[in-house]
Each structure stands twice: as structure tokens, then as C-alpha cells.
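>>> Have a look; sequence and predicted model below, questions after that.
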Amino acid sequence: MNPELYTTFLLIPAAFFAVSFVIMTWRIVVGPNSMDRMLGLDGFVAMLQCALATYICWTLDTTVANAMLVIAMLAFIASVSVARFRKRDGS
């Protein structure tokens, strides 16, 4: 495949990820309650993993695959712990 075409095809999702990171950061900061913030954080982590996968495709370097696994495990533990120990925001 033509390297310029390959780079162009990978720049498009990279631009979408950049915009999505800004939107999710806004949701985390502004979220009206803690569950909105947690959903924003889950979305941020999912997009981070997709961005790392795009990086792997772009550079053909798989050293960040272990980081993706650790991020996934930490996000799962964070989601389960928030769901388990969360109290209502008004109480």
C-alpha cells in the first residue's frame, strides 16, 4: 500500500480521537453528577485504547499492547468499584 495513502487513512481516525478526547474531557469536568463523570471516564479510557491501537497500526510497534491491557484492567476495576460503592449525589 502507498505510504502516503496509509498515513492519510490513519490521520482521519486520529483527528476524530482528538475531538472525542476534548468532548469526553468536557463531560468529565462538567458532568452534573458522579455517574455522568464515570461514564465520561469510561468513554475516555475506551477511546484511549482505540487511539493506542491506531498508534500500533501507524508505527507497527506493538510495545504499547501491554499498556492497553493494564489500562483495560484498571478501567474495569474502577467501574466496578464505583458501581459497588457509589452513594446518591444528594445524600
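Looks like it came in fine.
>>> any idea which helix is longest in this structure?
Counting by DSSP state H, the longest helix found in the chain is helix 3-30.
>>> mind checking how far that one is from the chain centre?
Centroid displacement of helix 3-30 relative to its chain, using C-alpha atoms, centre = their mean, to the nearest Å, is 11 Å.
>>> Could you pull up the mean pLDDT of that helix?
Helix 3-30 shows a mean pLDDT of 90.
>>> Show me what that helix is packed against.
Contacts defined by 3 or more C-beta pairs under 8 Å, 6 or more residues apart in numbering; DSSP states H and E place helix 3-30 against helix 34-59. Backbone N, C-alpha and C define where each C-beta goes, glycine included.
>>> Any buried residues in the helix it packs on, and which?
By neighbour count, with 16 or more other C-beta atoms under 10 Å as the criterion, the buried positions of helix 34-59 are 37-38, 40-45, 47-49, 51-52, 54-55.
>>> Pick the one among the residues you listed closest to A75.
V45 (4.1 Å; C-beta to C-beta).
>>> any idea how far T8 is from the closest one?
Distance, V45 to T8, using C-beta to C-beta, to the nearest Å: 27 Å.
>>> go on, T25?
27 Å.
>>> and those two? which has more neighbours close in?
More neighbours surround T25 than the other of T25 and T8, with 13 against 10 (other C-beta atoms under 10 Å).
>>> quick one: contacts for the closest residue to the more buried one other than its chain neighbours?
Using C-beta to C-beta, 6 or more residues apart in numbering and skipping residues adjacent in sequence, the residue nearest T25 is F44, 7.1 Å away. F44 sits next to 21, 24-25, 28 when contact means C-beta atoms under 8 Å, 6 or more residues apart in numbering.
>>> Export the residues you listed as a markdown table, with columns for distance to F85.
Conversion of these to a markdown table gives the following (distance: C-beta to C-beta, whole Å):
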| residue | distance to F85 |
| --- | --- |
| F21 | 27 |
| M24 | 23 |
| T25 | 24 |
| I28 | 19 |
